[in-house]
Every structure is written in C-alpha cells, then in structure tokens.
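*Asks:* Got a predicted model here, sequence first, then my questions.
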Amino acid sequence: MTERKIRVLVAKPGLDGHDRGAKVIARALRDAGMEVVYTGLRQTPDQIIQAALQEDVDVIGLSILSGAHMHVCSRILELRHEKGLDDVRLVVGGIIPDVDVPKLKAMGLDAIFQPGASLKEIVDFIQTHRKLE
C-alpha cells in the first residue's frame, strides 16, 4: 500500500503582490514529493480556508510580507476551527518580527519561518509534522 503524499496549500493572503518566495517554497515542496496547491495572489482568509477544504490539504502555508500577519493568521485560525479543520497544520513565512513569533505560536500556529529559514528546514518540518490523524 502506497502512503498518500502530503498535500500542502501555499497561499498569499492580503494585498501583497510579491510571490516569488511562495513559488520557491512551492517548488521545494514539490521536489520533496509533496502535492502542492498554490492559490495565487491576493487571497482572503475565507478563500484560503475554502481552498483547504476543497483540496483536502494536510498543511496550509501562508506567505506574508505585508505586516498583516497577526490579523490574517488570527482570522485563518478562527475559520479553520469553524470549518472543522483543526487537524490541518498552519505555518507562516515571510517578514515576521521576532516580537510576534511567541504571539503567533500562542495563537496556535505550528511553525513560523522568518527570513533566512532554509528550504530544507521548511521541508523537514512539514514532512515530520503532517496532518494530525
């Protein structure tokens, strides 16, 4: 029996139009054997959660460079719970100030990847922290 591939949704919430980093991450996850769904730019939290439901993902990965990470992550966590997706991991990467990392973890994010995080670190985390079953 073949083990199901890890399914990851990579999303760019908000008005930030810079997605090169998200595309690099998506490629690294694909190269590591995961199935990746990339939502494209300017997604709302509702659109992201809807895509996570439709695609039956194990992990939602957010790329946020705009400084709206506290608001966006809070709303996505709220919607994730409302839709019964508490078993789906939530990770965020981008420009996240050090002072916000403990706050995000306390809110319930599974991982925060700041500038300088290696692709290997991100891939390894997702491979070892797949969907809660």
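*Replies:* Happy to help now that I have it. Numbering: from 1, shown residues only.

*Asks:* Could you check which helix or strand contains the residue nearest the centre of the chain?
*Replies:* For the chain, the residue nearest the mean C-alpha position is G61 (1.1 Å; Cα atoms, centre = their mean). In this structure, G61 sits in strand 59-64 according to DSSP states H and E.

*Asks:* Sheet-wise, list the partners of that strand with their directions.
*Replies:* strand 7-11 (parallel), strand 89-94 (parallel) (DSSP bridges).

*Asks:* Mind listing what's buried along stretch 69-87?
*Replies:* By neighbour count, with 16 or more other Cβ atoms under 10 Å as the criterion, the buried positions of stretch 69-87 are H69, V72, C73, S74, R75, I76, L77, L79, R80, L85. C-betas here are computed from N, CA, C, even on glycine.

*Asks:* ok, now stretch 10-26?
*Replies:* For stretch 10-26, a neighbour-count test (16+ other Cβ under 10 Å) marks V10, A11, K12, P13, G14, D16, D19, G21, A22, I25, A26 as buried.

*Asks:* how far out from the middle of the chain is it?
*Replies:* In terms of Cα atoms, centre = their mean, to the nearest Å, the centre of stretch 10-26 is found 10 Å from the chain centre.

*Asks:* average pLDDT for that stretch?
*Replies:* For stretch 10-26, mean pLDDT is 89.

*Asks:* Please produce TSV containing the strands paired with strand 59-64, extended by distance to I49.
*Replies:* Below are the strands paired with strand 59-64 laid out as TSV (distance: least, Cβ to Cβ, whole Å):
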stretch	distance to I49
strand 7-11	9
strand 89-94	10
